[in-house]
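Student: Below: sequence and its predicted model.
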Amino acid sequence: MEDCLFCRIASGEIPSSKLYEDDDLVAFYDIDPQAPVHFLVIPKQHIESCGEVDGSNSAVIAKAFELISRLTKERGIDSFRVVSNCGPDAGQSVPHLHFHVLAGRSLAWPPG
Ligand code: 5GP
Ligand code: ZN
């Protein structure tokens, strides 16, 4: 989508600090980290949120979780949180599905 921030990051039009990229996914560091480790994993395909996942696009979600597992293992991170805010009341500010991966400090539960 032309005016979607994360589509533009995925295409490289807007620069980001990328950890990983393939044909389907990009992982990049969050511009405003909320923990010592905070990166985002996004599908390159524009999916608005977890609420738009169905049989036509769910394969990339499995790939995203395989990638999260690999990236955390490679960095020796054995304790981390994966968050996807879906919709404005849940705190989603960028309407392109993304998984936050947070680690490196003790994380409180329940979230606010
Ligand atoms: P949300 O609020 O939708 O759950 O998460 C969006 C995340 O994207 C936020 O944590 C925010 O800091 C991050 N973000 C917003 N704009 C940019 C940007 O231009 N570059 C990067 N790397 N992260 C961004
Ligand atoms: Zn998008």
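Tutor: That came through, no problem. Numbers count the residues shown, from 1 in each chain. Ligands and ions are numbered 1, 2, ... in the order given.
Student: count of neighbours near Asp78?
Tutor: 8 (other Cβ atoms under 10 Å). C-beta: built from backbone N, CA, C; applies to glycine.
Student: Same question for Arg75.
Tutor: 15.
Student: Tell me how far the closest residue to it other than its chain neighbours lies from ligand 2.
Tutor: Spatial nearest neighbour of Arg75, chain neighbours left out: Val37 (7.3 Å); criterion: Cβ to Cβ, 6 or more residues apart in numbering. Val37 sits 24 Å away from ligand 2, taking Cβ to the ion, to the nearest Å as the criterion.
Student: and Val37, what does it touch?
Tutor: Arg75, Ile77, Phe80, Val101, Leu102, Ala103, Gly104 (Cβ atoms under 8 Å, 6 or more residues apart in numbering).
Student: for the first one, phi and psi?
Tutor: What that stands for is Arg75. phi -100, psi 10 (degrees, to the nearest 10).
Student: hmm, back to that, between the contacts of Val37, which is nearest ligand 2?
Tutor: Ligand 2 has its nearest neighbour among the contacts of Val37 in Val101, at 18.8 Å by Cβ to the ion.
Student: quick check: longest strand of the chain.
Tutor: Assignment by DSSP state E gives strand 37-43 as the longest strand of the chain.
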